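K.L.:
need a structure here:
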Amino acid sequence: MTMERSSRPRRRSRTISAVVSALGLLGLMTTAAQPAAAATPFAAVDASKLKLTAGDFGGRAAAISALETSGRVTSFTTQPALAPVLDGTGAVGVAGRSGLCHTSNLDPAYSPKGFCWNAADDTSSEWTPQGITGSHDAQPGGTWSGRSVQIASWHNANNTQARVTVVDTTDPAAAPVYHRVLLVDPYGSGDTANFEAVGSPTSHSTPKTGAHADGVAWYGNKLFVATGHQIQVYDLRHLWRTDSGSTDVGVVDGKAYAAQHEWALPMIGIYSNAALGAPCSDTAPTTPCMTSLSLDRTGTDGLIVSEIGAQGGRPLVRWPLNATTALLQTDTADDTTGTVAAAAAYRVPVWKVQGAATDGTYYYFSGECPETAGTTNSDVPYCVHRAKPGEAPHVLTKAPPLTQNLSWSPSAGRLWGLNERANYAPGALGKRVVFSLDPPA
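P.N.:
Take a look at the predicted model:
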């Protein structure tokens, strides 16, 4: 792969072109994994065997209703979604740092911008950021309640808890303010209803839920989180205020706790293609892992999901969304039961793909750079690659080490991303940064 450096004018905002028709491409043959330097195309493959199954929306709805109506949790269902964290109701946000405060390796020709977490989150060995989405996904206009907002997903060190951070980036010159929200799984009904951390080893849910929160995508009032063989669904209208004075999770002695977090967000359902912990397999039966997530609003709305792999050739799948329910589109009326059929699938010839997104013309991938593919050095830059379907990817720019998910903002014509690399030594400078850039048209 070669470094792409275009002299064409860069876009600020543009009309997104329609995505290449998947139906015309599905007949292409599967592309095998190739060395990183090979000019292997980003090729469409047969998606007909790719399915997801909806799971237990009903049981979780009953538990959420019981907890909220009983007053055992403090909910804000009469307010617009996320209003409590955006207007500061009852909790003080954390101040991050504006600007690209660490070396990003991003090409300055693409006007990179961004922000950093506070010192604790920047260097934490307990919590690791993975996914990125924002109000540019949630609404076509790009804002939420008049604000520019980013949401990042995180997992803890032993994958027993997951959380998101809700970041107000309305004023790009100011230090961003964000809130940490624990992801929880409600269970039971009536007086026995309670909740636990997503990924809890003593989980009451069936199937059990994963806490390695990889990709995240925001669509209307819904938040989707990819965790291997699961796409978990959360409803932002059910944000709960919790007591931060205990490491417990759930209602204990009449108080709601979320492991010292001031907020909790309950899962409303799940879509899965295999059991938690099953191996990743894109051969029959077709059960690839889902390790990145982004929203695609070009044509019919959909979720773009990719799978990480040490070498190239791993699958990327597009799953259809229903704009009416703001859920994945199943073969049943309300999208909370039944099966989701994939709309399209491709093979990505980029090593160790961590994120994928599309602007409707190009697909963008974060992964290892060709010259360092296969390295065990976590300090080398990653690369942002891009390609049209049927073409070989080229490197658009180098990026921060261990860059994870990507997200496309159609309203601004910018690509968002973040990385997970951190320095854990006390007093060391961090390496985590959230960035956006303006690719050439």
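
K.L.:
report how many residues lie close to residue 194.
P.N.:
21 (other Cβ atoms under 10 Å). For the C-beta atoms, the positions are set from N, CA and C on the backbone; glycine is no exception.

K.L.:
doesn't residue 64 make contact with it?
P.N.:
No. Applying Cβ atoms under 8 Å, one finds residue 194 not in contact with residue 64, separated by 11.1 Å.

K.L.:
what touches both of these two?
P.N.:
Shared contacts of residue 194 and residue 64 (Cβ atoms under 8 Å, 6 or more residues apart in numbering): residue 186.

K.L.:
now do the same contact list for residue 300.
P.N.:
Applying Cβ under 8 Å, 6+ apart, the residues near residue 300 are 320, 321, 343.

K.L.:
redo that, cut-off 7 Å
P.N.:
residue 320 (Cβ atoms under 7 Å, 6 or more residues apart in numbering).

K.L.:
what about it, which helix or strand?
P.N.:
Assigned by DSSP states H and E, residue 300 falls within no helix or strand.

K.L.:
how close does it sit to residue 322?
P.N.:
Here the criterion is Cβ to Cβ, to the nearest Å. By it, residue 300 lies 9 Å from residue 322.

K.L.:
repeat for residue 380
P.N.:
Distance from residue 380 to residue 322, by Cβ to Cβ: 41 Å.

K.L.:
for residue 154, same thing?
P.N.:
For residue 154, the distance to residue 322 (Cβ to Cβ) stands at 28 Å.

K.L.:
who has more neighbours out of the two?
P.N.:
Higher neighbour count among residue 154 and residue 322: residue 154, with 25 against 16, using other Cβ under 10 Å.

K.L.:
who does the more buried one bridge with?
P.N.:
residue 129, residue 163 (DSSP bridges).

K.L.:
and the pLDDT for residue 286?
P.N.:
For residue 286, the pLDDT comes out at 83.

K.L.:
do you know the pLDDT at the residue nearest to it when sequence neighbours are not counted?
P.N.:
Leaving out its chain neighbours, the residue that sits closest to residue 286 by Cβ to Cβ, 6 or more residues apart in numbering is residue 49, at 4.2 Å. Note for residue 49: predicted pLDDT of 92.

K.L.:
so which strand or helix has residue 49?
P.N.:
Residue 49 belongs to no helix or strand, assigned by DSSP H and E.

K.L.:
isn't it up against residue 282?
P.N.:
No. Between residue 49 and residue 282 there is no contact under Cβ atoms under 7 Å: 9.6 Å.

K.L.:
for those two, indicate the residue with more neighbours.
P.N.:
Higher neighbour count among residue 49 and residue 282: residue 282, with 21 against 14, using other Cβ under 10 Å.

K.L.:
now do the same contact list for the more buried one.
P.N.:
Neighbours of residue 282 in contact, by Cβ under 7 Å, 6+ apart: 288, 315.

K.L.:
how does it look with 8 Å?
P.N.:
Neighbours of residue 282 in contact, by Cβ under 8 Å, 6+ apart: 288, 307, 314, 315.

K.L.:
report the two of the residues you listed separated the most.
P.N.:
288 and 314 (7.4 Å; Cβ to Cβ).

K.L.:
identify the contacts common to the two.
P.N.:
282, 307.
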